[in-house]
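In: Turn this into a structure:
(chains A, B, C and D)
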Protein chains: 2
Amino acid sequence: MASSRSGPNLSRIATSLGVSVATVSNALSGKGRVSGQLVERIREHAAELGYVPSQAGRALRTGRSGVLGLVLPDIANPLFPKIAQAIEFAASAAGYGVLIADSRGNVAAQTEAINRLVERGVDGMVVIPRRATRISSAACPVAIIDTPSTSGNTVAADHWQGGCEIAGHLAGLGHRRILIIGNNQESSVQNDRADGIRSGMRPDMHAETLWIDRLEQDSGSGCSLGLPEKVGQGFTAFAALSDLQALRALTELQQAGINIPADVSVTGFDDLIWSPVVTPSLTTVRMDMDAIAGIAVSALVDTIRASSIRQSMLVTAAMDRVPMQLIVRQSSGPCGPGTKNLRDGEHVR
Amino acid sequence: MASSRSGPNLSRIATSLGVSVATVSNALSGKGRVSGQLVERIREHAAELGYVPSQAGRALRTGRSGVLGLVLPDIANPLFPKIAQAIEFAASAAGYGVLIADSRGNVAAQTEAINRLVERGVDGMVVIPRRATRISSAACPVAIIDTPSTSGNTVAADHWQGGCEIAGHLAGLGHRRILIIGNNQESSVQNDRADGIRSGMRPDMHAETLWIDRLEQDSGSGCSLGLPEKVGQGFTAFAALSDLQALRALTELQQAGINIPADVSVTGFDDLIWSPVVTPSLTTVRMDMDAIAGIAVSALVDTIRASSIRQSMLVTAAMDRVPMQLIVRQSSGPCGPGTKNLRDGEHVR
DNA sequence: AAGCTCTGATTAAACGATTAATCAGAGCGC
DNA sequence: GCGCTCTGATTAATCGTTTAATCAGAGCTT
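Out: Okay, the predicted model is just below:
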């Protein structure tokens, strides 16, 4: 119905009302000087004609496209739906559209994806960088969502604090030997989460870390993590750095006949889609993507508004770390009394 | 560096070379009449200046924005990353950008999301409709990815055939009593998959269907599916209509001490991210999203090119159903000899 | 009454690309 | 030499919006 092309434009409204296009433009935008009653008439007429301003015309004149880019270097990441949804919602609320760009996991292609966005004339972009990639020079404001500990980060969940929450939770349940499970030793997010767990532990607790990428280099993709043996070594809690790894741990332990949470506890990160519906449901830590996206987008929009000259600049937000929230479900439970079906009893202290 | 705004434009190139803008435009686009050597000089100079055509200027003049919309009514669906990636890749290859629009699961907001895209001037859009929503009138070409059995569908995976594959696989393993697990009885995709399973069964096979949405209405969200009881009733295979339900079934059965695939088999649909890494890894059926996205986008682009007038029309593709591929992993195995730990032996025929 | 300010509107020039229409000149036939 | 075609280029209009500059007139001061 209301097509931006076949539909009415400013000049059609203007001639139809016997005024000039400039007056119509001023009336609709609220700028310039137009009498109150004329504003009323113009607005009314525009509405009943179903007027929709042409983004192309506006973009050409103002140099602003009204579109933000979203760069997801690893779109296969199951967090993506939440991120995309949150960013789209925040951007849409600020009057911006969201153009997605993906580099299919290819690190080199990240730059190309960014360039594509710039060529399309985005006013700014939100980048969730792959690993520790440095975004050097894009020709527009850039907000980076990574982890508070990386330099140049605009806003992110406080992954370190999330780790503390997990450690505190497990400590309260009486766990003393924790195996941290990550899948990528290069990931600063995962490292911060692991650091947080270690920092949140009590002095009498012990943690080791298992990096799946290392393991798979030797044993092949999708290999066993050898977790039942770890149970034999006295680990009573498995703190995965993402729900995907938590799920992998959970099913591997279950398959070996180990009961969760009676025998051992498993926790994750991110509260992904399956976390509430697996059995037992996953204890995890959730990041407030809506808050993060809102902060990132509004900081980005502020920067865009401030700088009339289109130039590269890293956006900074007032709050750069958003707390994570512990979600206690069924996969974590008290340590000790429930550890019954174990093959090796020596780990009980 | 190569900003589309601060950078060089046609007229800068033109004056710099002492020719007219029209000639530069013609040389770069290959239209009009320009001598071979001049084309060469212009192209060369444009390249070394890092010329990037302004999308806004082009869009204003041609009425084409070079952007496609992607409407995901249920962005929380874990299939989303694959879809978005495939669409973005296909669109990008065809020279189009992808603007996402989400309606946060709200059915009414789907129309609003579509309108937002139209207002932004997209040339066409790909819609994955929510349930059986009818896309009535958008002011641009629309390609719909749903399921071949729904009217108006442009292209989609052959969910029915995928169901047949599953049924054939389970039949070959000796399974005779199958429990189909879906989560939404309204979903035409899930119904087609279920129909496919039933159609692919041999005459001596029996299937029942468990709809989780029905169950959760009574027992609350995240409730137990009661699958161990189903095992007692003689079901040896659980064919979920999505990997998410397969995962739910898998963990519930494992938690009850039922071994997969020794005792019962579990299969899924969609080959989602966790399918290869859970234990046991999930036997599932994969849709070729790249092919589907490619067909949808190229059909859409063809329609856009054909119609100079911007109008609503449903796009049709040459091939409207893309076969699904069975991925056999560890969660499915032979029926009968392995069924040992069951409480109720009567189901063995 | 001349000069001033203030209001409410118009004029016209961009923004950057595309493209139909035009034009200058060369080559060529008659 | 006139007219014709063909090539290679230019001219100029156009898309729809924004906005600086201008302008006409009313009201007010001195």
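In: What segments of the stretch 151-300 of chain A are helices?
Out: A:159-172, A:188-200, A:212-219, A:227-232, A:243-255, A:289-306 (DSSP state H, counting those that start in this stretch).
In: For DNA strand C, which of those is the nearest?
Out: helix A:289-306 (17.3 Å; CB to the nearest atom of the strand). All C-beta spots, glycine's among them, are computed from the backbone N, C-alpha and C.
In: hmm, who's touching the helix or strand just after that closest one?
Out: Downstream of helix A:289-306, the first helix or strand assigned by DSSP states H and E is strand A:313-314. Strand A:313-314 is contacted from outside by A:Ile135, A:Pro141, A:Val142, A:Ala143, A:Ile144, A:Gly152, A:Thr154, A:Thr303, A:Ser307, using CB atoms under 8 Å, 6 or more residues apart in numbering or on different chains.
In: redo that, cut-off 10 Å
Out: A:124, A:127, A:135, A:138, A:140-144, A:151-154, A:303, A:306-307 (CB atoms under 10 Å, 6 or more residues apart in numbering or on different chains).
In: Who does that strand pair with, and is each partner parallel or antiparallel?
Out: With DSSP bridges as the test, strand A:313-314 is paired with strand A:141-144 (parallel).
In: ranking the helices of the stretch 151-300 of chain A by burial, who's on top?
Out: Looking across the helices of the stretch 151-300 of chain A with neighbours counted as mean count of other CB atoms under 10 Å in any protein chain shown, the highest average goes to helix A:243-255: a mean of 25.
In: and of the helices of the stretch 151-300 of chain A, who's closest to B:Asn183?
Out: helix A:243-255 (18.1 Å; CB to CB).
In: burial of A:Gly30, as a residue count?
Out: 9 (other CB atoms under 10 Å in any protein chain shown).
In: For it, give me phi and psi.
Out: Main-chain dihedrals, A:Gly30, degrees, to the nearest 10: phi 80, psi 0.
In: Tell me the spacing between it and A:Asn115.
Out: Distance, A:Gly30 to A:Asn115, using CB to CB, to the nearest Å: 36 Å.
In: any idea how far DNA strand C is from the nearest residue to A:Ser275 once chain neighbours are set aside?
Out: Excluding the flanking residues, the one nearest A:Ser275 by CB to CB, 6 or more residues apart in numbering or on different chains is A:Leu282, at 4.0 Å. Per CB to the nearest atom of the strand, to the nearest Å, A:Leu282 is found 52 Å from DNA strand C.
In: cool, and A:Asp263?
Out: A:Asp263 is 66 Å from DNA strand C, by CB to the nearest atom of the strand.
In: how many other residues sit next to that residue?
Out: There are 19 residues near A:Asp263, going by other CB under 10 Å.
In: Please report how far it lies from DNA strand D.
Out: Taking CB to the nearest atom of the strand, one finds A:Asp263 at 65 Å from DNA strand D.
In: Contact partners for A:Met125?
Out: Here A:Met125 is in contact with A:67-71, A:98-99, A:101, A:113-114, A:117-118, A:135, A:138, A:140-144, A:300, A:315 (CB under 10 Å, 6+ apart).
In: re the thing from before, and the buried ones among the contacts of strand A:313-314, selectable in ChimeraX?
Out: Entered in ChimeraX, the line below selects the buried ones among the contacts of strand A:313-314, by 16 or more other CB atoms under 10 Å in any protein chain shown:
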select /A:124,127,135,138,140,141,142,143,144,153,154,303
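In: Go through the contacts of strand A:313-314 and name the one nearest B:Pro53.
Out: Nearest to B:Pro53 among these, with distances taken as CB to CB, is A:Cys140, at 16.9 Å.
In: pLDDT at that closest one, what is it?
Out: Model confidence at A:Cys140, given as pLDDT, is 89.
In: ok, it touching A:Gly69?
Out: Yes: the criterion here is CB atoms under 10 Å, and A:Cys140 meets it with A:Gly69 at 8.1 Å.
In: So what's the residue count around A:Asn183?
Out: A:Asn183: 20 neighbours (other CB under 10 Å).
In: Help me confirm that it comes into contact with A:Phe269.
Out: No: counting by CB under 10 Å, A:Asn183 does not reach A:Phe269; the two are 11.2 Å apart.
In: Mutual contacts of those two, please.
Out: In contact with both A:Asn183 and A:Phe269: A:Gln190, A:Ala240, A:Leu241, A:Ser242, A:Leu244, A:Gln245, using CB under 10 Å, 6+ apart.
In: still on that earlier bit, out of the contacts of A:Met125, which are inside strands?
Out: A:Val67, A:Leu68, A:Gly69, A:Leu70, A:Val71, A:Val98, A:Leu99, A:Ala101, A:Pro141, A:Val142, A:Ala143, A:Ile144 (DSSP state E).
In: ok, back up a step: could I get the helices of the stretch 151-300 of chain A as a markdown table with distance to A:Glu88 and mean pLDDT?
Out: Output for the helices of the stretch 151-300 of chain A, formatted as a markdown table (distance: least, CB to CB, whole Å; pLDDT from 0 to 100):
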| stretch | distance to A:Glu88 | mean pLDDT |
| --- | --- | --- |
| helix A:159-172 | 23 | 98 |
| helix A:188-200 | 22 | 97 |
| helix A:212-219 | 31 | 95 |
| helix A:227-232 | 38 | 96 |
| helix A:243-255 | 22 | 98 |
| helix A:289-306 | 8 | 94 |
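In: how about those helices, which one is nearest chain B?
Out: helix A:243-255 (4.0 Å; CB to the nearest CB).
In: so which of the helices of the stretch 151-300 of chain A comes closest to A:Leu60?
Out: helix A:289-306 (17.2 Å).
In: That closest one relative to strand A:67-72, how many degrees between them?
Out: Here helix A:289-306 points in a direction 130 degrees away from that of strand A:67-72 (axes from the mean of the first three to the mean of the last three CA atoms, to 10 degrees).
In: Does anything pack onto helix A:289-306? Which helices or strands?
Out: When contacts are defined as 3 or more CB pairs under 10 Å, 6 or more residues apart in numbering or on different chains; DSSP states H and E, helix A:289-306 sits against strand A:67-72, helix A:80-93, strand A:124-127, strand A:141-144, strand A:156-157, strand A:313-314, strand A:321-322.
In: Run the contact check for that helix versus DNA strand D.
Out: No: using CB under 7 Å from any atom of the strand, helix A:289-306 never reaches DNA strand D; the gap is at least 11.6 Å.
In: Only alpha carbons, please: show that helix as CSV.
Out: Output of helix A:289-306 as CSV, limited to C-alpha atoms (Å, rounded to 0.1, in the frame of the first residue of the first chain):
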residue,chain,number,x,y,z
MET,A,289,21.6,-8.9,25.8
ASP,A,290,18.8,-6.3,25.7
ALA,A,291,20.6,-4.0,28.1
ILE,A,292,23.9,-4.5,26.3
ALA,A,293,22.4,-4.0,22.9
GLY,A,294,20.5,-0.9,24.1
ILE,A,295,23.7,0.6,25.5
ALA,A,296,25.7,-0.2,22.4
VAL,A,297,23.2,1.2,20.0
SER,A,298,22.4,4.3,21.9
ALA,A,299,26.1,5.1,22.4
LEU,A,300,26.6,4.5,18.7
VAL,A,301,23.7,6.7,17.8
ASP,A,302,24.9,9.5,20.0
THR,A,303,28.3,9.4,18.4
ILE,A,304,26.8,9.4,14.9
ARG,A,305,24.7,12.4,15.9
ALA,A,306,27.6,14.2,17.4
